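Participant: give me a model of this one.
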Amino acid sequence: MSTVPELLDTRPMTLPRLLDKREAGEPIVMVTAYDFPSARAAERAGVDIVLVGDSAANTVLGYESTVPVSVDELLMLAAAVRRGLRTPLLVGDLPFGSYEISDAQAIATAQRFVKEAGCDAVKLEGGGINAERARAIVRAGIPVMGHVGLTPQTATALGGWRAQGRTAERALELARDALDLQDAGCFSIVFEAIPSEVAAAIHGRMRVPVIGIGAGPGVDGQVLVFHDLLGIRDGQGARFVKRYADLLDEMVDGVAAYAADVRTRAYPGPEHAYSVDADELADFRAALEGMAAA
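Facilitator: As a prediction, the model looks like this:
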């Protein structure tokens, strides 16, 4: 039985509408997507924001981490997602190495995501100097989503893939980063892998929507990776992942059933074949015999 709401709001999502949802206490739904089919699924499900995340590096491109993925690779994926979306806000992730060097580099990369892929906004990770990069992009007229906590592009420097903000000192650093990104003009900020109580406390100081991923319920919305929530990857994933389907198992079963049918000649059957008029077939066979004789 479908759980898709019968009456979806078909108005395009905008930054003011996101802020209205926060102020009204309406949870914001965000997912990642990396191609046209996943974009269509997100569209039909009525989500608010779609992120073309650099997590595409792991989920669809086969890299060991998010670091190697290039701007061109993400632009290709983002353009495909754009073709599948009408209503959700589309955010493109700026990959590692594409914005940290200078304001000019950050602006140029962000402009490519808007001009070449049709993104409505871009996302970058971390505070500190990257808050200044966010400020520069915003001043250039491009909306920016921030990201604090576990930032996958710099996970090694943070001690690996684990929760952040578990000490008072580190929690204060996260708060400063979030506030710096807010002051830089970010329209929203992702909190990743932060203790629920810490995330809720920082959220109380925020004026913009906060989207959590492993940050507990005390924020304005939630995001999960498409392949995590639908089970289109091996393993359970991070602690914060909830699986709503196990599509990888179904995909394997489907391909295995197809392979078995081919090997036993059960596929294709008569219903999968095209026919030809008997007279035309006879003429063709006669002509073919003539070609062989020649």
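
Participant: shaky segments in the stretch 151-294 of the chain?
Facilitator: 154-161, 235-236, 292-294 (pLDDT under 70).

Participant: end to end, how far does stretch 260-276 reach?
Facilitator: 28 Å (C-alpha to C-alpha, to the nearest Å).

Participant: check which helices and strands the helix or strand hosting Asp228 sits against.
Facilitator: Assigned by DSSP states H and E, Asp228 belongs to helix 226-229. When contacts are defined as 3 or more C-beta pairs under 8 Å, 6 or more residues apart in numbering; DSSP states H and E, helix 226-229 sits against strand 28-32, helix 36-45. Every residue, glycine included, has its C-beta placed from N, CA and C.

Participant: how about a markdown table for these, with distance to Ala134 and mean pLDDT added?
Facilitator: Listed next are the helices and strands packed on helix 226-229 as a markdown table, based on distance: least, C-beta to C-beta, whole Å; pLDDT from 0 to 100:
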| stretch | distance to Ala134 | mean pLDDT |
| --- | --- | --- |
| strand 28-32 | 18 | 98 |
| helix 36-45 | 25 | 97 |
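
Participant: for these, state which one has the densest average packing.
Facilitator: strand 28-32 (a mean of 23; mean count of other C-beta atoms under 10 Å).

Participant: domains in this structure, by residue range?
Facilitator: 15-247, 260-293 (automatic domain parsing).

Participant: nearest to Asp9, out of these?
Facilitator: domain 15-247 (7.2 Å; C-beta to C-beta).

Participant: next one: the closest one to chain centre, how far?
Facilitator: Mean-position distance between domain 15-247 and its chain equals 8 Å (C-alpha atoms, centre = their mean, to the nearest Å).

Participant: straight-line length of that domain, end to end?
Facilitator: End to end - C-alpha to C-alpha - domain 15-247 spans 33 Å.

Participant: returning to what we had before: for Leu229, find the nearest of the helices and strands packed on helix 226-229.
Facilitator: So among the helices and strands packed on helix 226-229, strand 28-32 is nearest, using C-beta to C-beta, at 7.1 Å.
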